[in-house]
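>>> all I have is the shape, not the residue letters:
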């Protein structure tokens, strides 16, 4: 019996996401904050970047402390969702896990 290619790809992605959910993922905060700062209104680029990096670092620190308290299925789901489109964010990941 042949397994359709999309099923194989989807299964591989689920397995990879579950494996990644064992620890807090590593995101490029600078890239994330550049995208966010570009969309910010009323702040200078420097202010937006500083505020964003500060928030991302704070969220990452909290996630590192609390990571093992979140169910593994929630971690895998939130990591997967957070990696869809754009640059992933620790703040978005933390928000997802808190719901």
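It's in. Computed from a predicted structure; not experimentally measured. Residues are numbered from 1 along each chain as shown.
>>> mind listing what residue 27 touches?
56, 60, 87-90 (Cβ atoms under 8 Å, 6 or more residues apart in numbering). For every residue, glycine as well, the C-beta is placed using N, CA and C.
>>> which of those lies closest to residue 34?
residue 87 (7.9 Å; Cβ to Cβ).
>>> quick one: the closest residue to that closest one other than its chain neighbours from residue 88, how far?
Of all residues not flanking residue 87 in the chain, residue 32 sits nearest, at 4.0 Å (Cβ to Cβ, 6 or more residues apart in numbering). As defined by Cβ to Cβ, to the nearest Å, residue 32 lies at a distance of 7 Å from residue 88.
>>> can you pull out the strands in the chain?
Counting by DSSP state E, one finds no strands in the chain.
>>> longest helix of this protein?
Longest helix in the chain by number of residues (criterion: DSSP state H): helix 45-66.
>>> tell me which residues are up against it.
Here helix 45-66 has contacts from 24, 27, 29-30, 32-34, 36-37, 40, 43, 89-91, 93-94, 97, using Cβ under 8 Å, 6+ apart.
>>> how far away from the center of its chain is that helix?
13 Å (Cα atoms, centre = their mean, to the nearest Å).
>>> tell me which residues of that helix come out buried.
Within helix 45-66, the residues that count as buried by 16 or more other Cβ atoms under 10 Å are 48-49, 52-53, 55-56, 59-60, 62-63.
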